[in-house]
Every structure is written in structure tokens, then in C-alpha cells.
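[1] I would like to see how this sequence folds:
(chains A and B)
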Amino acid sequence: MKKYEYDVLVIGAGPGGSMAARYAARHGLKVLLIEKRPEIGVPVRCAEGISRAWMDEVEIEPQEKWIDAEIDGAKIYSPDEKSIIKLSAEQAGNEVGFVLNREYFDKYLASLAAQEGTEIWLKSPAVEIIKEDGYVLGAIVRRFGENVEVRAKIIIGADGFESQVARWAGLNTVLRERDIVSCIQYRITNIDIEENFTHFFIGSCAPGGYVWIFPKGKKEANVGIGVALNKLRSKGEVKKYMDKFIEKHNYLKKGSIIQIVTGAVSTCPVPKKIVDNGIMLVGDAARLIDPITGGGIANACISGKYAGEIAAKCIDNPSKECLEEYQNKVKNRWEKKHLRNWFVKEKLAELSDDTLNKLMDVVSKENISEISVRAILEAVQKKYPELIEEFEDLL
Amino acid sequence: MMNVDPAICNYCGACVGSCPVNCMFLDETIVRINEDKCIKCGFCIRACPVGAISADWWSE
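    Predicted coordinates for the structure are as follows:
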């Protein structure tokens, strides 16, 4: 078997992997980034909505080539679609700003990694982890059909939702049923949609998740759905929910589907352990997804940067004690927020359409800029006093 | 016996990441299943967005 040696091996060339490779290479490390697919950014597994706020932090300059639409805000529709909550980009937080073209975006990030000296292999899945004396020391990589041994001082697992690297290395990223959201998305063309807004539909149309419509420029949009696994009973049910939603909305039904995207996201709190001797996890592989929105691109890029920098710091001592600095940075940044959003997600998933309709009726009539949990609950109490009991535990 | 229908499968890995015992592996365009490790929980069957996975032990 051929043998290769690097300082850092990054497994998976999505946003998290490319950013990890970029920052590790910038600090002078010899970095290999491997991707099992024949093309970076393809196939897309994403709704492609992001905010613009975090990009400076990870030194990404927005490029026309990978921006399909600029978004001014989000609209959230009640189950009966009679109430609409309109949020500006700032209020909507993470998931508005741009609708990306991930095919170009991912390639762009890989090119940033390459500019710093990262070597990239395509059609090269990791098939096994090399572990000796409690240390991850590399991986067996099937490079264009040939198994080769890649040794590295530090491995960065950036293999997305599948998160095989973590499990091979003995890190527990196993998800509970309620924290898995199964998704399907159609790109629909030749439809009339509001170009500068993202649209979200909640309630029984997508139990434990939501339906999204993200414009991809003129007359085209990503129309997708996520449903929580604990709400799914039968085979192929997610697609049935999606098709039912489209059937009920004439403006979507009139269009033509030119792409089908499938995938799943995690909606769990931050795992206890995302590092061990010789290994760190980033992005979706580390389950760094916002449990309410399901958004993970920004978190992948930021955690990738952290991991790349810590790799440089710990390269002569890649023990878990040293790499724990990465884990601490991740926890300081997301642990509290994701736990809070996980609780809210759990609550929202249990509300009936009727309750959501009433709640959103009240909220949509308030001035959203002044809204707080207390203000919402006071308004709800005035109009629908019988509902307050359901929310007592949120106070 | 489990079966992944290649005519339906979109190779997205939703099943792989959902498997609680890690007995599935997405080998580019083939989903491999280690049935000795499978606990027949049905997570993968329900998590598959397009319904590509079936098993003789699965009933709805």
C-alpha cells in the first residue's frame, strides 16, 4: 500500500473542511483535503440560505458568482396562511442575506484552501481510520479506486451529516430520533415568487420542521421541506408531504422541477465531545446546526477556522488535552444558544395548527422590533387567555 | 434482508447519518449495509426522504 504523510488530513471538502484546511495551511502546515465525490459542491445538499454577518470573521468576500439572490427579509406563514410574520434580515438572524449557489460557493472555499497550499484529492473517500494507542494517526483512503495509507498528526472530520469519521474514531455523535430532520427540496423554475424574501411555512404541513421557499433569482426558487424523524411513520413520507404542499399551492404547481435535492440535518444540542487524541470534528459532522433553523454553513466555516488554527497550535502535541481548546471555543460560542433553540424547537414541534394560528395572529399584529417573549405572552393572554397554559414552562 | 433501490436512491446519506449503530456506509453511489450489526430500528427506512430503502422485517 502506498504511504503518504501530512501534518493535517481533512476529510470532506464542504465549507467546514475547506475552511479548516485553509487556516491550517496558512499557519504553515502540510495539509491534505480529501473529497469522496468527483466534484466539490456537487451534489448540493442544502437550501442555500445564509446571512452576510459572519463572513468577515472568516475572511470570505462575497462573490457575484456564488450569490443567486440577495434577501431583504423573511416571511413566516401560519398554518392557515392567514397570518404572516415579516422579519428584516437583522431580526431573522442567521438564515437570510444571500441565497447561495453552493456548487460555486464550495469550489470557491476549496480554492481559498488551495491558495494557502492545501493539496486536494477528489474521488478519495476515507474508508477506515488508523488508530493506535488511543491516538488517531491517519486514514485508509481509496484514491481513485486504490487504497492508500495517509498518516497525519491531526485528522479533521468534516464529513457532514453522515459523520462516519467521528464514529470510527469513537466519538459519539449518534442522534436521537427527534433530533433528525429528513429533507427534500425541489428547484422549481418558471414560477412567480417574491424575489427578495425567503418564505417559511410551519405547522402540520411539515411536522417538527418547516417548508421553505428560497428564491434563486428571477422566476426560480428552492422549495423544500424538513420533517422530524419522530413524526415520520412510513416509507417515503417526506416526499409525500412535499408533493402535498406543492399540490395545494397553485403558483408552485405551475412551475417545472429542474433539480431534486435530498438529505438530512441534525437539530440537537452541541455534543459533549468533539475532539480526541489526534482528531477534531467540524461543521455538520460535529452537529453544529442551529436546532430551529437547521442552518449550518456559517457554523461550519467558523468551526473550520477554529479547528485549523488550533491544529497549528497543537501540531507538536495533538493530544486531546491540547485539542480541547477547540472544543471549548465551540462550546463558548454555540452551546448555550443551541440548547435554548433546541428547547424552543421541541416546544414548537408539539403545538397544534390551531394554537400556532392564534399565536401568529397575535404576533403578526405586534410591532416585531419590540417583541420579546414577555410581550408576546401578554398580547396572547389578552386575546386568547386559554392558550397561556401551554406556554407557562417558557416563562 | 434490506434493500436500497438504486432507481430511487439519491445517495444523500440521510440514512447513514440516522443509523444509531453505524451499520451503513455511503460508498459514493452505493449504500452498503452491514446487516450483522443492524438492529432493525427502521430509522433509515423512515429517514430516507424518497423511500428507497425496504426490508422484509419492516411493516408500516
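[2] only C-alpha atoms for contact and neighbour calcs from this point on.
    Noted.
[3] where does chain A dip in pLDDT?
    Confidence mapping of chain A against pLDDT under 70 gives the ranges A:89-96, A:367-375, A:391-395.
[4] Taking the centroid of it, which residue is nearest it?
    A:Gly296 (2.4 Å; C-alpha atoms, centre = their mean).
[5] which stretches of the chain form helices?
    Picked chain A for this. If DSSP state H is used as the criterion, the helices of chain A fall at A:15-26, A:89-92, A:102-115, A:164-169, A:237-248, A:250-253, A:297-313, A:320-350, A:353-365, A:373-383, A:388-391.
[6] right idea, wrong chain: chain B
    B:14-18, B:43-47.
[7] just how off-centre is stretch A:48-66 within its chain?
    Counting by C-alpha atoms, centre = their mean, to the nearest Å, stretch A:48-66 is centred 15 Å from the centre of its parent chain.
[8] Same question for stretch A:265-281.
    14 Å.
[9] Could you give me the buried positions within that stretch?
    Residues of stretch A:265-281 classed as buried: A:265-271, A:273-281 (neighbour count, 16 or more other C-alpha atoms under 10 Å in any protein chain shown).
[10] before we move on, the earlier item: compare the helices of chain B and report which one is nearest to chain A.
    Comparing the helices of chain B by their distance to chain A (C-alpha to the nearest C-alpha), the top pick is helix B:14-18, with 3.9 Å.
[11] buried stuff in that closest one?
    Those would be B:14-18, for helix B:14-18 by 16+ other C-alpha under 10 Å.
[12] how does chain A divide into domains?
    Here chain A is described, according to automatic domain parsing, as comprising the domains A:2-48+A:103-175+A:271-346, A:68-100+A:177-266, A:351-394.
[13] For chain B, give me its nearest residue in the stretch 201-350 of chain A.
    Residue of the stretch 201-350 of chain A nearest chain B, by C-alpha to the nearest C-alpha: A:Gly236 (3.6 Å).
[14] neighbours of the residue lying closest to that residue once chain neighbours are set aside, just the number please.
    Once flanking residues are discounted, A:Gly236 sits nearest to B:Gly51: 3.6 Å by C-alpha to C-alpha, 6 or more residues apart in numbering or on different chains. Neighbours of B:Gly51 under the rule other C-alpha atoms under 10 Å in any protein chain shown: 21.
[15] Equivalent analysis for A:Lys219, please.
    15.
[16] Show me which residues of chain A are close to chain B?
    Neighbours of chain B within chain A, by C-alpha under 8 Å from any C-alpha of the partner chain: A:36-37, A:45, A:125, A:161-164, A:167, A:174-175, A:177, A:180-184, A:229, A:232-239, A:261-265.
[17] One more pass at 7 Å, please.
    Chain A comes close to chain B at residues A:36-37, A:161-163, A:174-175, A:180, A:182-184, A:229, A:232-239, A:262-264, as judged by C-alpha under 7 Å from any C-alpha of the partner chain.
[18] which residues does residue 33 contact?
    Going with chain A. A:9-13, A:21, A:118-121 (C-alpha atoms under 7 Å, 6 or more residues apart in numbering or on different chains).
[19] nope, chain B please
    B:23-25 are the contacts of B:Ile33 under C-alpha under 7 Å, 6+ apart.
[20] what's the pLDDT at it?
    Confidence at B:Ile33, expressed as pLDDT, is 95.
[21] in the sheet, who's paired with it?
    On the basis of DSSP bridges, B:Ile33 is bridged to B:Met24.
[22] What distance do you get for the closest residue to A:Asp106 other than its chain neighbours to A:Ile302?
    Leaving out its chain neighbours, the residue that sits closest to A:Asp106 by C-alpha to C-alpha, 6+ apart is A:Gly41, at 4.9 Å. Distance of A:Gly41 to A:Ile302, given as C-alpha to C-alpha, to the nearest Å: 18 Å.
[23] and what of A:Phe144?
    Applying C-alpha to C-alpha, the value for A:Phe144 to A:Ile302 is 31 Å.
[24] More neighbours: which of those two?
    The neighbour comparison of A:Phe144 against A:Ile302 (other C-alpha under 10 Å) goes to A:Ile302, with 23 against 14.
[25] Tell me who's in contact with the closest residue to the more buried one other than its chain neighbours.
    Of all residues not flanking A:Ile302 in the chain, A:Val58 sits nearest, at 6.4 Å (C-alpha to C-alpha, 6+ apart). By C-alpha under 7 Å, 6+ apart, the contact list for A:Val58 reads A:301-302, A:305.
[26] what do you get if the cut-off is 10 Å, keeping everything else the same?
    The neighbours of A:Val58, taking C-alpha atoms under 10 Å, 6 or more residues apart in numbering or on different chains as the test, are A:19, A:23, A:298, A:301-306.
[27] what does A:Ala298 give?
    Per C-alpha under 10 Å, 6+ apart, neighbours of A:Ala298: A:15-16, A:50-55, A:58, A:94-95, A:283, A:288-289, A:304.
[28] circling back to that earlier point, please tabulate the contacts of A:Leu33 in TSV, including the columns neighbour count.
    As requested, those are exported to TSV (neighbours: other C-alpha atoms under 10 Å in any protein chain shown):
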residue	neighbour count
A:Leu9	29
A:Val10	31
A:Ile11	28
A:Gly12	27
A:Ala13	30
A:Ala21	38
A:Thr118	26
A:Glu119	18
A:Ile120	19
A:Trp121	18
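[29] doesn't B:Cys19 make contact with A:Leu175?
    Yes. At 8.3 Å, A:Leu175 and B:Cys19 qualify as touching, with contact defined as C-alpha atoms under 10 Å.
[30] Which residue of the two possesses the greater neighbour count?
    B:Cys19 (25 against 17).
[31] Burial check on whatever residue of the stretch 51-200 of chain A ends up closest to chain B, number of neighbours?
    Closest residue of the stretch 51-200 of chain A to chain B, C-alpha to the nearest C-alpha: A:Glu162 (3.9 Å). Each residue near A:Glu162 was counted by other C-alpha under 10 Å, and the total is 27.
[32] what do you get for A:Val330?
    21.
[33] Not counting sequence-adjacent ones, nearest residue to A:Val211?
    Excluding the flanking residues, the one nearest A:Val211 by C-alpha to C-alpha, 6+ apart is A:Ile225, at 4.3 Å.
[34] interface residues of chain B facing chain A?
    B:9-22, B:24-29, B:42-54, B:58-60 (C-alpha under 10 Å from any C-alpha of the partner chain).
[35] returning to what we had before: so the residue of the stretch 201-350 of chain A closest to chain B touches A:Asp243, yeah?
    No. Judged on C-alpha under 10 Å, A:Gly236 makes no contact with A:Asp243 at a distance of 11.1 Å.
[36] Pick out whichever of these two has more residues nearby.
    The neighbour comparison of A:Gly236 against A:Asp243 (other C-alpha under 10 Å) goes to A:Gly236, with 18 against 15.
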